[in-house]
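**Student:** Got a predicted structure plus its sequence, pasted below:
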Amino acid sequence: MIGHLSFGVANLERAKRFYDTALSALGYARVWTSELGVAYGGEGGNDKLVLLQRENSAAPGAGFHVAFIANSAEAVDRFHAAAIEAGGTCNGPPGLRPHYGPTYYAAFVVDPDGYKLEAVHQ
């Protein structure tokens, strides 16, 4: 249903460092780079997340977040650790979330621009 999402970021270099690190933990890669932005997706695939340099960017409010698919619980753990190391903040440590489903394993972080992110394995 969704082709890709675009985020406006205040500092493209900072965002590249964060997303290069955090998304590589899930097996995703940068699929293109330009002066004004970068995009991420599956290795050799199309863009799914686009980051664009925007002077007046602001993350969406309550209720909005993006969940990335992880191939294992260990990948969720790696994502969370990598995101924190790259400048994100914890918004929920890795673990089972039985209120979402019996096998719902996830971690939540907030990126340096305030976007809420999740890695999930089911």
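**Tutor:** Yep, it's here.
**Student:** Can you give me every residue that contacts the closest residue to Pro93 other than its chain neighbours?
**Tutor:** Nearest residue to Pro93, sequence neighbours excluded (Cβ to Cβ, 6 or more residues apart in numbering): Ala107, at 6.2 Å. Glycine gets a C-beta too; all of them are placed from N, C-alpha and C. By Cβ atoms under 8 Å, 6 or more residues apart in numbering, Ala107 lies in contact with Val76, Asp77, Phe79, His80, Gly92, Pro93, Pro94, Gly95, Glu118, Ala119.
**Student:** Show me the residues you listed that map onto helices.
**Tutor:** If you go by DSSP state H, the contacts of Ala107 have Val76, Asp77, Phe79, His80 in helices.
**Student:** got TSV for those, with pLDDT and distance to Gly87 too?
**Tutor:** Shown next, in TSV, are the ones in helices among the contacts of Ala107 (pLDDT from 0 to 100; distance: Cβ to Cβ, whole Å):
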residue	pLDDT	distance to Gly87
Val76	98	19
Asp77	98	18
Phe79	98	14
His80	98	13
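**Student:** Leu23: which of those residues is nearest?
**Tutor:** Phe79 (7.9 Å; Cβ to Cβ).
**Student:** Number of residues surrounding that closest one?
**Tutor:** For Phe79, the neighbour count with other Cβ atoms under 10 Å is 30.
**Student:** Bridged to the residue lying closest to it once chain neighbours are set aside, which residues?
**Tutor:** Leaving aside its sequence neighbours, Phe79 sits nearest to Ala119 (Cβ to Cβ, 6+ apart; 3.9 Å). On the basis of DSSP bridges, Ala119 is bridged to Phe68, Ala107.
**Student:** Out of the contacts of Ala107, which end up buried?
**Tutor:** Val76, Asp77, Phe79, His80, Pro94, Glu118, Ala119 (16 or more other Cβ atoms under 10 Å).
**Student:** Out of those residues, which comes closest to Arg17?
**Tutor:** The nearest member of the buried ones among the contacts of Ala107 to Arg17, counting by Cβ to Cβ, is Phe79 at 15.3 Å.
**Student:** can I assume the closest one is in contact with Gly27?
**Tutor:** No. Phe79 is beyond contact range of Gly27, at 9.9 Å (criterion: Cβ atoms under 8 Å).
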